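S.K.: only geometry, no sequence info:
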């Protein structure tokens, strides 16, 4: 019986069973009355490396759910300043009795609305086939696969710096790095950084990747500001952690980036991503726990660290060879240099490397490539406006309680973060407030020290642009 | 993580006129404020009644909570904040408007929690939230959306423009207060009216005030 109702939906996605190959989704865009079929597949063969003897079918469902969210997020669009987009997702699963419960569905819809702004409605009919290959292969020996910590591995600088710090602090601990994505360059980068790091930490690092691949979607326009990316990554990472016998998934992200406060009031809500926001981690942990029927936690041990602080151990060991291998850019280019050097992520990367005195050997479009046409100072100006705001708010008093009241008067979500996550961080609220105050104070101080050095490339670019414009005018006049 | 963050550095067409007036510096501060309030009024009407409904809902939740308890503690504020989130999440509408209304509601909670200078009249929480919502719209659409550039329209510099924006602040506040009162009276933004023009004019010392 058809239980889902597409009458109020803007999009409906009818998934076939998620397969290793030849899976598909029927994508219906109700607003233009268009229907198309798109191939989707997940390569989870590397989950053969695990400690669980049998592949738990609920974990297979978790993987399917992540794939479905990924595909939906990439294929549908939500303009944050227009009416809410309604999305209906139909996905066959092995455990409809668990995924169709009101408690699970409410939590899932709430999480996705929080992260994407859209309204998601799910229906999970019974999956009737025998599942993917990895589900049918019992493990022969699990003795070699034990790891102490499973962490997300994006190929970014925070992931590298966080891992390096953890490796140096926990001298014996072994790590499973989990990566995913649809982009071959991203997957290759994850592998490359891992390979370069491994000789320094023999027998302590493992890499597991689960790529998701589209086919027959070239003509289909993709949503470039996919706001559920972090959730997909975490759900698949949680599957990896569970298969490795862990009940905690780690991710390494600096606190400034994780909380990602708006730069100015002109940024409203999801203009700034909530990919690994502390409340996102809380909500995802809750959903995974609900599905597994046991406590599962997604944890960011670097919530109170700036990006520069995360890079400190790399700097102390003189590992300036590693950071250029990583990627931070929000809008990477196809040709070298790949990273733009002026988006918010590139600017924070430059700030962190400069502050931590790591020589930045990364090649950026600004300043190393051909100068782009648009205003490259936009993000820098906004970041600096935020730094100025934070400085004013923190300078209101020396007393922590007054600093906190001042910070939260402007950024009320900080109160929500403390109120809702202090317990999971094993902190009393007053201490968590102090840690967050220290985080922002450190960030402001770091910027004060390196602002001129970070700005110089970008502002030179503008003055060069102005000079070339002046030349052009002169030529035209001549 | 900053992951494709969107920044806005261009005013919408609706706010171009007040921006240009402020940059040109020919009109008085009162005139600039008035033309800005006209734009804000149109914007609020376009944005519709969803924020009104949400502000009313949040005010009701707050009033019930205060009735039930003499003094609210940190846990009460945390739980109220979650109730506000749930209310807003359940509403079907533009994500940005839901967020602006939510910010308005939570700013009242924040004032109550930390005793910020302004006294909160809980009996009029709905009106105060409406004012906060309108102020959020003004700030996000104009005040903090003015481009971050060293040179503005008509060659005016950033410091001068900021000073002029600051000067119209009091008039904007009065206008927003009037708009919020209209909403409370009619439960809708559909018929907002502009505040009366200041009737005070310079007194002509030669004028016979008793004449006529």
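M.R.: Perfect, thanks for sending it. Because the structure is a prediction, the values reported are computed rather than measured. Numbers count the residues shown, from 1 in each chain, chains lettered A, B, ... in the order given.
S.K.: show residues contacting stretch B:31-50.
M.R.: For stretch B:31-50, the external contacting residues (C-beta atoms under 8 Å, 6 or more residues apart in numbering or on different chains) are B:14-15, B:17-18, B:21-22, B:27, B:91, B:93-94, B:97-98, B:101, B:134, B:137-138, B:141-142, B:164, B:168, B:171-172, B:175-176, B:179, B:187-190, B:192, B:194-195, B:197. Every residue, glycine included, has its C-beta placed from N, CA and C.
S.K.: PyMOL command for the buried members of these?
M.R.: Here is the PyMOL command that selects only those of the contacts of stretch B:31-50 that count as buried (16 or more other C-beta atoms under 10 Å in any protein chain shown):
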select buried, chain B and resi 15+18+21+22+27+91+93+94+97+98+101+134+137+138+141+142+164+168+171+172+175+176+179+189+192+195
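S.K.: now, the contacts of stretch B:31-50 that are in strands?
M.R.: Using DSSP state E, no member of the contacts of stretch B:31-50 falls in strands.
S.K.: which ones are touching residue B:130?
M.R.: Residue B:130 is in contact with B:51, B:52, B:55, B:104, B:179, B:180, B:183, B:184, counting by C-beta under 8 Å, 6+ apart.
S.K.: mind redoing it with 10 Å?
M.R.: Contacts for residue B:130 (C-beta atoms under 10 Å, 6 or more residues apart in numbering or on different chains) come out as B:44, B:51-52, B:55-56, B:59, B:101, B:104, B:124, B:176-177, B:179-184, B:189.
S.K.: what's the helix or strand harbouring residue A:313 packed up against?
M.R.: Using DSSP states H and E, residue A:313 sits in helix A:312-316. Packing partners of helix A:312-316 (3 or more C-beta pairs under 10 Å, 6 or more residues apart in numbering or on different chains; DSSP states H and E): helix A:157-169, helix A:344-355.
S.K.: quick one: buried residues of stretch A:17-37?
M.R.: A:17, A:18, A:19, A:23, A:24, A:25, A:27, A:28, A:29, A:30.
S.K.: pull the most distant pair out of the residues you listed.
M.R.: Spatially, the most separated pair among these is A:19 and A:30, at 26.3 Å (C-beta to C-beta).
S.K.: where does chain B have low pLDDT?
M.R.: Within chain B, the stretches with pLDDT under 70 are B:1-2, B:116-118, B:198-212.
S.K.: if we go to 50?
M.R.: In the predicted model, chain B carries pLDDT under 50 at residues B:212.
S.K.: which residues in it form helices?
M.R.: B:16-24, B:29-47, B:50-68, B:74-90, B:95-114, B:125-138, B:158-167, B:169-186 (DSSP state H).
S.K.: the fifth one to helix B:74-90, inter-axis angle?
M.R.: Going by axes from the mean of the first three to the mean of the last three C-alpha atoms, to 10 degrees, helix B:95-114 is angled at 170 degrees with respect to helix B:74-90.
S.K.: report the distance from helix B:95-114 to the chain centre.
M.R.: Distance of helix B:95-114 from the chain centroid (C-alpha atoms, centre = their mean, to the nearest Å) equals 12 Å.
S.K.: okay, angle between that helix and helix B:29-47 too, please.
M.R.: Going by the same axes, to 10 degrees, helix B:95-114 makes 120 degrees with helix B:29-47.
S.K.: tell me if helix B:95-114 is near chain A.
M.R.: Yes: residues of helix B:95-114 contacting chain A under C-beta under 10 Å from any C-beta of the partner chain: B:95-100, B:102-103, B:105-107, B:109-111, B:113-114.
S.K.: out of these, the closest to residue B:70 would be?
M.R.: Nearest to residue B:70 among these, counting by C-beta to C-beta, is residue B:113 at 15.3 Å.
S.K.: and residue A:78, what does it touch?
M.R.: Contact partners of residue A:78, counting by C-beta under 10 Å, 6+ apart, are A:10-11, A:84-85, A:87, A:116-119, A:223, A:225-227, A:270, B:95.
S.K.: show me the residues you listed that map onto helices.
M.R.: A:116, B:95.
S.K.: least confident pick among the contacts of residue A:78?
M.R.: Across those, the smallest pLDDT goes to residue A:225, namely 82.
S.K.: okay, now the closest residue in space to that residue that isn't next to it in sequence: neighbour count?
M.R.: Among residues not flanking residue A:225 along the chain, residue B:4 sits closest, at 4.7 Å (C-beta to C-beta, 6 or more residues apart in numbering or on different chains). The local packing of residue B:4 (other C-beta atoms under 10 Å in any protein chain shown) involves 19 other residues.
S.K.: make sure residue B:4 is actually in contact with residue A:274.
M.R.: No: using C-beta atoms under 10 Å, residue B:4 is not in contact with residue A:274, being 11.8 Å away.
S.K.: give me the common contacts of those two.
M.R.: The contact sets of residue B:4 and residue A:274 overlap at residue A:227 (C-beta under 10 Å, 6+ apart).
S.K.: that older thread, off-centre distance for the helix holding residue A:313?
M.R.: 23 Å.
S.K.: what mean pLDDT does it get?
M.R.: Per-residue pLDDT values over helix A:312-316 give a mean of 98.
S.K.: the residue minimising distance to the centre of chain B: what's it in contact with?
M.R.: Geometric centre of chain B, nearest residue: residue B:135, 1.5 Å, by C-alpha atoms, centre = their mean. Residue B:135 is in contact with A:265, B:40, B:100, B:103, B:104, B:107, B:143, B:172, B:173, B:176, B:177, B:180, counting by C-beta under 10 Å, 6+ apart.
S.K.: hmm, stretch A:116-133 in reach of chain B?
M.R.: Yes: applying C-beta under 10 Å from any C-beta, one finds stretch A:116-133 touching chain B at A:116, A:117, A:118, A:119.
S.K.: buried ones in that stretch, by neighbour count?
M.R.: Neighbour-count burial for stretch A:116-133 [16+ other C-beta under 10 Å]: A:116-125, A:127, A:131-132.
S.K.: quick one: which of these is nearest chain B?
M.R.: Using C-beta to the nearest C-beta, residue A:117 is the member of these that lies nearest chain B, at 3.7 Å.
S.K.: from residue A:231, how far out is the closest one?
M.R.: Residue A:117 sits 13 Å away from residue A:231, going by C-beta to C-beta, to the nearest Å.
S.K.: residue A:150 now?
M.R.: Separation of residue A:150 from residue A:231 (C-beta to C-beta): 17 Å.
S.K.: same question for residue A:83.
M.R.: In this view, residue A:83 and residue A:231 are 23 Å apart by C-beta to C-beta.
S.K.: ok, now residue A:271?
M.R.: 18 Å.
S.K.: on that earlier part again, from the residues of helix B:95-114 next to chain A, which is closest to residue B:66?
M.R.: Within these, distances to residue B:66 taken as C-beta to C-beta reach their minimum at residue B:109, with 11.2 Å.
S.K.: which parts of chain A are strands?
M.R.: When secondary structure is read from DSSP E, chain A shows strands at A:11-15, A:24-29, A:34-42, A:86-90, A:119-123, A:149-152, A:175-181, A:205-215, A:248-250, A:297-299.
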